[in-house]
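In: Have a look at this prediction, sequence included:
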Amino acid sequence: MKALIDKAWEERGDLSPASASPELKQAVEECLDGLESGRYRVAEPLGAPGQWKVNQWLKKAVLLSFRLHENEVIEAGYARFYDKLPLRWSGDSGPGIRETGARVVPPATVRRGAHIGHDAVLMPSYVNIGAFVGRGTMVDTWATVGSCAQIGSNVHLSGGVGIGGVLEPLQANPTIIEDDCFIGARSEVVEGVIVERGCVLSMGVYIGQSTRIYHRASGEITRGRVPAGSVVVPGSLPAADGSHSLYCAVIVKQVDEKTRASTGVNEILRHAE
C-alpha cells in the first residue's frame, strides 16, 4: 500500500477521480480508516521526549484523497456543507460516535480521517483530516487542530488555540503537542514545531519554525522545539543595534513531572516571573 501511495504521489499532476484506479482509491480509503482508528498515525512517538518518526506516505495519502473525490453536498443535521470528503461519523462504516467514547459538543466538527481518543472532550471546535487527538484531551471552544497535527493524551487546548496543519501551507512535518501539555488561550503552534511533554504555554504564545525561543536561565536561543516541562510566556528580544525589539517565546522555568502533577497550571504561571 505504501508503494502504491508513493507512486501515485509522484504522478499526482495527472490524477483525477475519473483516472484513479480502484486499487488506489481503496488504498487511500484504508489509510483514512486506519488514521481514524489510530492503527496508523502520520507521526509516531519513538519513546524519548521529542523523538518522532514521520510517516510521509500517510501524509501523501491524506493529500491524495482530495484528488480522488469531487465536491458534493454533505448533510449534517441543521447544517449543510460542500466538500470533497464526508465528516467523521457521517457514514455507515467504522465505529459510531458513541463507540468512540469521546464527548462531542455541538457544533464541534471532526473531518474524515481524524482520530479522536477515548474520553476526549471536543467543545465547539474543529479537527482536520489526518489529525490525532489523544485520550482524555480537551479541545476547547473555537480551538482548531490542523491537518495531520498530533495532540497527545491529557492535553488541554484552551479557547481559540490554533495548532497548525501540513496543508495550509504545505509543511514537511506535522505540528506535535506531546502528552500532559497545557496550551493557553489564543496561542498558536504551527509549522511542524514540537512541544514536548508536560509543557505549559501561557495565553497568547505564538511559535513557528522561525520564532526565537529564549531560555531565560541559560540565555540560549533555539527554534522549532520546546523542551519537556517548559513554562513559556510571550516576550521580546532587542535587535543588535537596539533600535527595536521583536517577538519571541520565553522559557521562564522548567518543572518536573512531580511538580506539574501536584501544582495547578494557574499557580505555575503565577510564579513564573
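Out: Yep, that arrived. Numbering: from 1, shown residues only.
In: how about the closest residue to V42 other than its chain neighbours, what does it touch?
Out: In this structure, V42 finds its nearest non-sequential neighbour in C148, 4.3 Å apart by C-beta to C-beta, 6 or more residues apart in numbering. (Glycine included, C-beta is placed from N, CA and C.) Shown here is C148, whose contacts under the criterion C-beta atoms under 8 Å, 6 or more residues apart in numbering are V42, A43, K59, V62, N128, I129, G130, A131, G165, V166, L167, P174.
In: List of residues touching stretch 30-50?
Out: In this structure, residues lying in contact with stretch 30-50 by C-beta under 8 Å, 6+ apart are 1, 5, 51-55, 58-59, 61-62, 65, 88, 93-95, 112-115, 117, 129-130, 132, 148, 150, 166, 173-174, 176, 178, 194, 196-197, 225, 227-228.
In: Can you give me the buried ones in the longest helix along the chain?
Out: Secondary structure of the chain per DSSP state H: the longest helix is helix 22-37. Using 16 or more other C-beta atoms under 10 Å as the test for burial, helix 22-37 gives L24, A27, V28, E29, C31, L32, G34, L35, E36.
In: Likewise for stretch 243-253?
Out: Within stretch 243-253, the residues that count as buried by 16+ other C-beta under 10 Å are C248, A249, V250, I251, V252, K253.
In: For that stretch, C-alpha coordinates in CSV please.
Out: As requested, C-alpha coordinates have been extracted for stretch 243-253 and formatted as CSV (Å, rounded to 0.1, in the frame of the first residue of the first chain):
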residue,chain,number,x,y,z
SER,A,243,16.6,50.2,17.5
HIS,A,244,13.7,47.9,18.1
SER,A,245,12.6,44.6,19.6
LEU,A,246,11.0,41.6,18.0
TYR,A,247,8.6,38.9,19.4
CYS,A,248,10.0,35.8,21.0
ALA,A,249,8.8,33.0,23.3
VAL,A,250,10.5,32.9,26.7
ILE,A,251,11.0,29.7,28.7
VAL,A,252,10.9,31.2,32.2
LYS,A,253,11.4,28.0,34.0
